[in-house]
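J.: Below are the sequence and a predicted model for it; my questions follow.
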Amino acid sequence: MGKKMLFIFNPRSGKGSIKNRLMDILDIFVKGGYEVTVYPTQKYHDALAKTIAYTEPYDLVACSGGDGTLDEVVTGMCRRKEMVPIGYIPAGTTNDFASSLHISKDMLEAADTVVNGVPFSCDVGVFNDDFFVYIAAFGLFTDVSYETKQSMKNVLGHLAYVLEGAKRIFNVPSYHIRVEHDGEVLEEDFMFGMVTNSRSVGGFRGIIGRDVIFDDGVFEVTLIKTPRNPIELNEIVAALVIRQIDSKHMYSFKSSCVKFTSFEEIPWTLDGEFGGEHDEVLVQNKKQGLQIMIKESTKQHFEEKKEALQSAMEEADIEEMVGIEELEPENTVDEK
């Protein structure tokens, strides 16, 4: 008996780019040993509903679309009792998460990874009662993806995000928020905040640091304070351009659980889609809560990088301990 796959795709993503490749993609799936059920989404949250509702014993659920389609399938899978691996063929404008996992932008190559790759267990974000794959964010730029018209996203690609954001630079939002994590409390006016598990956010790589591990049970948290004058705003923009954290105006830390409390309801984005307005948000890391198909060589690269980072962190801890010991005054009392 052959393996069974459910293939959910958004026919409108990325200028409808899948339409000319659909037959070739299905051919790759069948040659990979799968009996395929195909479902083109018809409306918003259709992929979510289909993933939650299916009753057939599928061995794999594959999807194609932008980050929003992937988010719907992942959310649906996380709400099921029995989970199976997810395969992803990127077809949207930026495809942040696919970029981080080295999933090819070439749809046929990505289809090959779906059937011939290996499952990789990566972290999933829990956002109150919802889920996200790679980012939960509030403030400046966060509504850019879902407010930019589909046609504009298709034509301008990455620039759409930048242009839409640029219009807003003189209308900076500000939210007074209490942030609690790992026994620490921050209370400031913030214009932007994000909890991420991705090397690439909004198509810009490296803005949250290079030492991201996708299955370590912690997220990378970045918070940017509200600038009090144009000089501070320029300093923040300059830091973002060179992709460095400016400790005067930003907080950056890792955590598995962060609580945000505000006096007003704040709009959030989850994976580039509207995540609702909330005055209290609890973000938790569901460690290795999702299996996604990636190339075997990529998985090996991630494991090697994880080992190297852990080794470097252990060495840094040892050096810090040695440094502390050297600073401690010696006991010079003579024994008699």
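T.: Structure's in. What do you need?

J.: partners of the host helix or strand of Thr37 in the sheet?
T.: Under the assignment given by DSSP states H and E, the secondary-structure element containing Thr37 is strand 34-40. Looking at strand 34-40 with DSSP bridges, its paired strands and their directions are strand 3-9 (parallel).

J.: Can you tell me the centre-most residue of the protein?
T.: The residue at the geometric middle of the chain, judged as the C-alpha nearest the mean C-alpha position with Cα atoms, centre = their mean, is Tyr134 (1.3 Å).

J.: which ones are touching that one?
T.: Applying Cβ atoms under 8 Å, 6 or more residues apart in numbering to Tyr134 gives the contacts 67, 96-97, 100, 125, 196-198, 201, 271. Placement of C-beta: from N, CA and C, glycine included.

J.: Could you list the low-pLDDT ranges of the stretch 51-200 of the chain?
T.: For the stretch 51-200 of the chain, applying pLDDT under 70 flags the ranges 94, 141-171, 198-200.

J.: Against which helices or strands is the strand ranked longest in the chain packed?
T.: As assigned by DSSP state E, the longest strand anywhere in the chain is strand 273-294. Under the contact criterion of 3 or more Cβ pairs under 8 Å, 6 or more residues apart in numbering; DSSP states H and E, the helices and strands touching strand 273-294 comprise helix 67-78, strand 86-90, helix 107-116, strand 118-127, strand 130-132, strand 135-139, helix 144-147, strand 257-270.

J.: Could you identify which of these is most buried?
T.: When you average the neighbours per residue for each of these (mean count of other Cβ atoms under 10 Å), strand 86-90 leads with a mean of 28.

J.: Next, the angle helix 107-116 makes with it.
T.: Regarding strand 86-90 and helix 107-116, their directions subtend 170 degrees when assessed with axes from the mean of the first three to the mean of the last three Cα atoms, to 10 degrees.

J.: Contact partners for Gly33?
T.: Under the contact definition (Cβ under 8 Å, 6+ apart), the residues listed for Gly33 are 2-3, 115.

J.: distance of it from Met5?
T.: Distance check for Gly33 against Met5: by Cβ to Cβ, to the nearest Å, it reads 9 Å.

J.: Now do the strands in the stretch 101-250 of the chain.
T.: All strands of the stretch 101-250 of the chain, identified by DSSP state E, counting those that start in this stretch, fall at 118-127, 130-132, 135-139, 175-181, 184-196, 200-201, 204-205, 219-225, 250-255.

J.: Among the ones you listed, which comes closest to Glu314?
T.: Closest of the strands of the stretch 101-250 of the chain to Glu314 is strand 250-255, at 16.0 Å (criterion: Cβ to Cβ).

J.: Which strands and helices lie in contact with that closest one?
T.: Secondary-structure packing of strand 250-255 (3+ Cβ pairs under 8 Å, 6+ apart): strand 175-181, strand 219-225.

J.: Apply 7 Å and report the result again.
T.: Under the contact criterion of 3 or more Cβ pairs under 7 Å, 6 or more residues apart in numbering; DSSP states H and E, strand 250-255 touches strand 219-225.
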